[in-house]
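In: I would like to see how this sequence folds:
(one chain, ligands or ions: 1)
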Amino acid sequence: MRLLVVEDETRLAAALQRGLQAEGFAVDVAHDGESGLQLAREGSYDAIVLDVMLPRLSGYRVVQALRADENWVPVLMLSAKDGEYDQADGLDVGADDYLTKPFSYVVLLARLRALLRRGAPERPAVLSCGGLELDPASRRVARDGTEIALTPREFALLEYLLRRADEVVSKTEILEHVWDQYYDGDPNVVEVYVGYLRRKVDVPFGRRSLVTVRGAGYRLARDEG
Ligand code: CA
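Out: Residues are numbered from 1 along each chain as shown. Take a look at the predicted model:
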């Protein structure tokens, strides 16, 4: 089994390499995101241990770039415990598991073995509805084959509506899932963002798939008739 460790703390990287080699793994090491990504693209690894905070290219960008290449190598992310980034973000961009620093080597080994047993994950399903396609892994959105650029919030909103296509979804539900449950700003922000989305995914294509259901919420219509 061949592993790639991407970690800029050289002592930690060396300790991981030694420890994992002692377990019988072949281990390559990169000390920044750019060279890590390059190695990951060239080499055929069974798993990657990837730090989040890296020079040149963050761990998030590395895993996003790999998934955009349709490279599904299992990735275990090491996140710093500084609150700036959280584990959910890592899983969002396509990591398979995460550990918060400082971590126990024994736990890291157990998690790695679990990932290796599972193997490369299946490509996550592309969500689609009425010619609209959203790929949660590569973060791409297209309508009738034309790629659409969305902001992260617009993307999250569209993803949520696509997951519940043809259902009426209330503003409150949208706020809870796309903003967060502690959001206490103006609930009309949902309306505003639905408007942004319409201008990107409906209007240019002459479609009306984002339907307002008076007094109830919104519905992403599969067939707007
Ligand atoms: Ca680091």
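In: switch to C-alpha atoms for all contacts and neighbour counts from now on
Out: Will do.
In: the residue of the chain found nearest the ion: which element?
Out: Residue of the chain nearest the ion, by Cα to the ion: M53 (4.1 Å). M53 is part of no helix or strand when elements are defined by DSSP states H and E.
In: from now on call the first residue 263
Out: With the count now opening at 263, the last piece we talked about shows up as M315.
In: what does this protein put close to the ion?
Out: With Cα under 5 Å from the ion as the criterion, the chain meets the ion at residues 315-316.
In: right, and the helix or strand after the helix or strand bottoming out on mean pLDDT in the chain?
Out: Least confident helix or strand, the chain: helix 349-354 with a mean of 62, by mean pLDDT, DSSP states H and E. Note on helix 349-354: by DSSP H and E, the next helix or strand toward the C-terminus is strand 359-362.
In: centre of the chain versus stretch 263-272, how much separation?
Out: With Cα atoms, centre = their mean, to the nearest Å as the basis, stretch 263-272 stands 21 Å off its chain's centre.
In: give me the mean pLDDT for that stretch.
Out: The predicted model gives stretch 263-272 an average pLDDT of 94.
In: and what of stretch 401-413?
Out: Mean pLDDT, stretch 401-413: 93.
In: quick check: closest non-adjacent residue to the residue positioned nearest the centre of the chain.
Out: Centroid-nearest residue in the chain: V355, 1.7 Å away (criterion: Cα atoms, centre = their mean). For V355, ignoring the flanking residues on the chain, the nearest one in space by Cα to Cα, 6 or more residues apart in numbering is Q326 at 5.7 Å.
In: so where's this structure uncertain?
Out: For the chain, the stretches with pLDDT under 70 are 343-354, 382-386, 442-445, 486-487.
In: switch the cut-off to 80
Out: The chain contains residues with pLDDT under 80 at 342-356, 381-387, 399-400, 438-439, 441-449, 485-487.
In: ranges for the strands of this structure?
Out: 264-268, 288-292, 309-313, 337-341, 359-362, 389-391, 394-397, 402-405, 408-410, 430-431, 472-475, 479-482 (DSSP state E).
In: what are the buried residues along the second one?
Out: Neighbour-count burial for strand 288-292, with 16 or more other Cα atoms under 10 Å as criterion, is recorded at 289-292.
In: what of stretch 319-333?
Out: Buried-residue list, stretch 319-333, by 16+ other Cα under 10 Å: 319-330, 333.
In: from the residues you listed, which is closest to A418?
Out: Of all these, A418 sits closest to Q326, with 15.8 Å by Cα to Cα.
In: can you name the residues bridging to V267?
Out: On the basis of DSSP bridges, V267 is bridged to V291, V311.
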